[in-house]
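K.L.:
model the following, please.
(one chain, ligands or ions: 1)
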Amino acid sequence: MTETDFAYLFSSAFEDDYQKYKSFDDFKLERLISRGEISAALSLQIKNRRRAFNKFSRASELFFTSSGLEQASSEAIARHLAERLSIFPKVVDLGCGLGFNSIFLAAVGTSVTAVDCDLDRLRLAKANAAVYGVAEKITFLEEDFLSPSFSDFYENKLLNFGTNLAFFLDPARNLAGDRKTRSLINSKPNLFELLPKIFEFTNNVAVKISPAFDYRELEQLPGDPELELISENGVCKVAMLWFGAFKKTKRRATVLGANQKIFSLTSGPESFEFSRPLNYLYLPDKAVARAQLTATFAAAYDLKLISPIIPLLSASNFKRVPASRYFKTISQGPFSLKSLKRLLKEQKIDRAELVLWHLQLKVEELRERLKLKEGGGRTIFVFFTEQTGNYYILAENIQKLET
Ligand SMILES: C[S@@+](CC[C@H](N)C(=O)[O-])C[C@H]1O[C@@H](n2cnc3c(N)ncnc32)[C@H](O)[C@@H]1O
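P.N.:
Reported below is the predicted structural model:
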C-alpha cells in the first residue's frame, strides 16, 4: 500500500465513501475503478470487510489486506486464545499480522508487545486496535525477530518490556502461488528452528498451527506441548501448541459457537468397548477426533466405539451428549454398491447425506453412482475397517438438540 492509500484509509473521506459504495457488487466496483471514480484501496476494503463479517462482529470498521484477512484469527478464536494466554501478565505476539490476537489479549488486561516485519500490516493492526479501544495497551514493534538472530532481538528489543515474558506465535502458512502449507518446517518462521531459540529464554510459548498438521511431524518438535484442536461453528479451524506453564493436559478439543465456548474435552480415561453399531449413533465435533479423543469421549458419555479408526459412536438408548450430531440406525451391513442401490430403491430413498471413511471412493463419486441427491434427513455412513470390512450404516438424522 502507498502512503497516499494510508492517508486516504485513515481519513473521514474514506468512511464517507465506504458508506456510499459498500452495497455495490464487485462488478460495479470494478467499473467505478476503471472510470477513475473510486480508488482500488476503497474497493479492496469494501470486499474484504464483506468477507470478514463471518470472522468479526465489527468487520465494517476494521482494516484488512486480503492475505492478512485470510491468515487472521477470528474473533471467537482470538477471544478463546486470549483467555488462555492471559495467565501471563506480559505476552509478546511474534508476527501480529493485522493484530487480532494482540487486540483480544489486550482487551482482557494483558500487556502486549506486537511484533511484525511488515509495516503495512502493523499500521493496519494499530488502526484495528483503535477500533476495539485497546491501541494504547499494545506496544507495536516493526522488527524482524530473526534478524540478525532471535537472541539478538530478545536481548536488544524485548528486554525493555521486562522479564517473565510469554510468547504467542502464529506463523504464516502461505506459500508461493496462493498455496498453503500444513508443515511445521515450511511455515514462516520454521518452528523447528525458532522454538529451540525461544526456549533458551522461556518455555512459556503458545503456537498456532494448521489443524491439518501431521502428527508424525508434531512428535519431532521439542518441548512436549499440549495439543488443542479448536472448532468454530462445526469446522475444525485451528490447532494450538501450548508449551511450558501454558500446558494443562496432553490433548484437548474445544468447540466454539457464536462467541462462546460450548464444550471442552481434555485427555482422560478412555473406553475401548467396541460394538457393532447400536440403535443410536453419535458423531462428535471434528475437533474431538482430530485431537484423538474419540475414546475419551466414549468413556465420558458411556458410548461404544465401532472401530478404533472410526469417529462414530453408538448406544442402545438415546442420550444427550454435548457437541455431537445424533442419528437413529435404520439398517446396516456389509457394503457393496449393488446391495446399497437395491436397499435405497426398496426404501424409496433418493436423498441422503454421505459420510465416508477409509475408502478409495470419494463422496461425489458414490453420490453419482447411487444417483443420490443431497438432503432428505438421512445419512449413509460407508467405511472400511479391519473388523467390519466394507460396511454401511443407513441412519435417520435426529434434529440437533440443545446441549
Ligand atoms: C499468520 S500471520 C499472523 C496473523 C495474526 N495472528 C492475526 O490474527 O491477524 C503471520 C505474521 O508473521 C509475520 N512474520 C513472519 N516472520 C516474521 C519475522 N521473522 N519477523 C517479524 N514478523 C514475521 C508476517 O509478516 C505475518 O504478518
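K.L.:
tell me the phi and psi of the residue in the chain positioned nearest to the ligand?
P.N.:
Nearest to the ligand in the chain, going by CB to the nearest ligand atom, is residue 95, at a distance of 2.4 Å. For glycine as for every other residue, the C-beta is placed from the backbone atoms N, C-alpha and C. Main-chain dihedrals, residue 95, degrees, to the nearest 10: phi 90, psi 70.
K.L.:
tell me the spacing between it and residue 125.
P.N.:
Taking CB to CB, to the nearest Å as the measure, residue 95 falls 11 Å from residue 125.
K.L.:
with residue 109 instead?
P.N.:
Distance of residue 109 to residue 125, computed by CB to CB: 19 Å.
K.L.:
of the two, who's got more company?
P.N.:
For residue 109 and residue 125, the more surrounded residue by other CB atoms under 10 Å is residue 125, and the numbers stand at 28 against 11.
K.L.:
quick one, what contacts the more buried one?
P.N.:
Residues counted as contacts of residue 125 (CB atoms under 8 Å, 6 or more residues apart in numbering) are 96-99, 102-103, 114, 116, 140.
K.L.:
closest one of these to residue 132?
P.N.:
Closest approach to residue 132 among these (CB to CB): residue 103, at 5.0 Å.
K.L.:
helix, strand, or coil at the closest one?
P.N.:
Following DSSP: H, G, I helix; E, B strand; the rest coil, the label given to residue 103 is helix.
K.L.:
what sits against residue 213?
P.N.:
Contacts for residue 213 (CB under 8 Å, 6+ apart) come out as 182, 184, 239.
K.L.:
how close does the nearest residue to the second one once chain neighbours are set aside get to residue 172?
P.N.:
The spatially closest residue to residue 184, leaving aside those adjacent along the chain, is residue 191, at 4.5 Å (CB to CB, 6 or more residues apart in numbering). Counting by CB to CB, the gap between residue 191 and residue 172 amounts to 12 Å.
K.L.:
more crowded one of these two?
P.N.:
Taking other CB under 10 Å, residue 191 and residue 172 do not tie; residue 191 has more neighbours (23 against 16).
K.L.:
residue 181 is in contact with the more buried one, correct?
P.N.:
No. Assessed by CB atoms under 8 Å, residue 191 is found out of contact with residue 181, at 11.4 Å.
K.L.:
what segments of the stretch 51-200 of the chain are helices?
P.N.:
Listed in chain order, the helices of the stretch 51-200 of the chain (DSSP state H, counting those that start in this stretch) span 66-71, 75-85, 100-107, 119-131, 150-153, 191-199.
K.L.:
now the longest one against helix 100-107, angle please.
P.N.:
Translated: helix 119-131. Angle of helix 119-131 versus helix 100-107, following axes from the mean of the first three to the mean of the last three CA atoms, to 10 degrees, is 30 degrees.
K.L.:
flag every buried residue along helix 119-131.
P.N.:
Neighbour-count burial for helix 119-131 flags 120-129, 131 (criterion: 16 or more other CB atoms under 10 Å).
K.L.:
any part of it near the ligand?
P.N.:
Yes. Helix 119-131 reaches the ligand (CB under 6 Å from any ligand atom) through residue 121.
K.L.:
any idea of the pLDDT on the residue nearest the centre of the chain?
P.N.:
The residue lying closest to the centre of the chain (CA atoms, centre = their mean) is residue 237, at 1.6 Å. Residue 237 is assigned 94 on the pLDDT scale.
K.L.:
pretty sure it sits against residue 80.
P.N.:
No. Contact between residue 237 and residue 80 fails when scored by CB under 8 Å: they sit 10.8 Å apart.
K.L.:
what kind of secondary structure is residue 314 in?
P.N.:
Going by three-state DSSP: residue 314 is strand.
K.L.:
thinking again about what came up before, who touches the residue nearest to residue 184 in this structure?
P.N.:
By CB under 8 Å, 6+ apart, the contact list for residue 191 reads 169, 171, 184-185, 207, 209, 221.
K.L.:
also residue 384?
P.N.:
Each residue near residue 384 by CB under 8 Å, 6+ apart is listed here: 357-359, 390-391.
K.L.:
and the nearest residue to residue 51 once chain neighbours are set aside, how close does it get to residue 381?
P.N.:
Closest residue to residue 51 apart from its sequence neighbours, by CB to CB, 6+ apart: residue 69 at 6.4 Å. Here the criterion is CB to CB. By it, residue 69 lies 36 Å from residue 381.
K.L.:
residue 384: which element?
P.N.:
strand 378-385 (DSSP states H and E).
K.L.:
coming back round to it: of the contacts of residue 213, select the buried ones using a PyMOL command.
P.N.:
To isolate the buried members of these in PyMOL, using 16+ other CB under 10 Å:
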select buried, resi 184+239
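K.L.:
circling back: pretty sure the residue nearest to the centre of the chain is in a strand, no?
P.N.:
Yes. Applying three-state DSSP, one finds residue 237 inside a strand.
K.L.:
residues contacting the closest residue to residue 187 other than its chain neighbours?
P.N.:
Leaving aside its sequence neighbours, residue 187 sits nearest to residue 171 (CB to CB, 6+ apart; 3.8 Å). Under the criterion of CB under 8 Å, 6+ apart, the neighbours of residue 171 are 95, 187-189, 191, 207-209.
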